[in-house]
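[1] Give the three-dimensional model of this entry:
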Amino acid sequence: QAQVVESGGGLVQAGDSLRLSCTYSGRPFGEYAMGWFRQGSGKEREFVAIFRWRGPMQFYSDSVRGRFTISRDNNQNTVYLQMNNLKPEDTAVYFCAAGWPAGTTRVRTASEYTYWGQGTQVTVSS
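    Sure thing, here's the model as predicted:
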């Protein structure tokens, strides 16, 4: 059974940086994509950033574009989320997701992803 394993996260102050990583134990193919969603306290899970293997292409939510960067390590089947200039509103549990979204219009939809990590807490104090 393939799985994704996350690492990173923690408690930082506003303006600081953090890096999350996520590794997929299976073999990416086709329309494979991997990246991050987050869920703040009392909020619904929301899209953050996705790396699509074909292209390759990167997708970001408006709230993180220009501050967060998603990248890939081909050899390790790993993606990284470099988070700079963190804000208190970035506080959430961050979940890694991996799967095969049905086209670029679906990469921001959580239900398109097959594998999910256990989540890692990111807390940004003001």
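[2] going forward, measure contacts and count neighbours with C-alpha atoms only.
    OK.
[3] need the contact list for the residue nearest in space to the middle of the chain.
    For the chain, the residue nearest the mean C-alpha position is Trp36 (1.8 Å; C-alpha atoms, centre = their mean). Contacts for Trp36 were tallied using C-alpha atoms under 8 Å, 6 or more residues apart in numbering; they are 47-50, 81, 94-97.
[4] With Val48 instead?
    Val48 makes contact with 35-38, 60-61, 64 under the criterion C-alpha under 8 Å, 6+ apart.
[5] hang on, the earlier thing: could the contacts of Trp36 go into JSON lines alongside secondary structure?
    Converted to JSON lines, the contacts of Trp36 look like this (DSSP: H, G, I helix; E, B strand; the rest coil):
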{"residue": "Phe47", "secondary structure": "strand"}
{"residue": "Val48", "secondary structure": "strand"}
{"residue": "Ala49", "secondary structure": "strand"}
{"residue": "Ile50", "secondary structure": "strand"}
{"residue": "Leu81", "secondary structure": "strand"}
{"residue": "Tyr94", "secondary structure": "strand"}
{"residue": "Phe95", "secondary structure": "strand"}
{"residue": "Cys96", "secondary structure": "strand"}
{"residue": "Ala97", "secondary structure": "strand"}
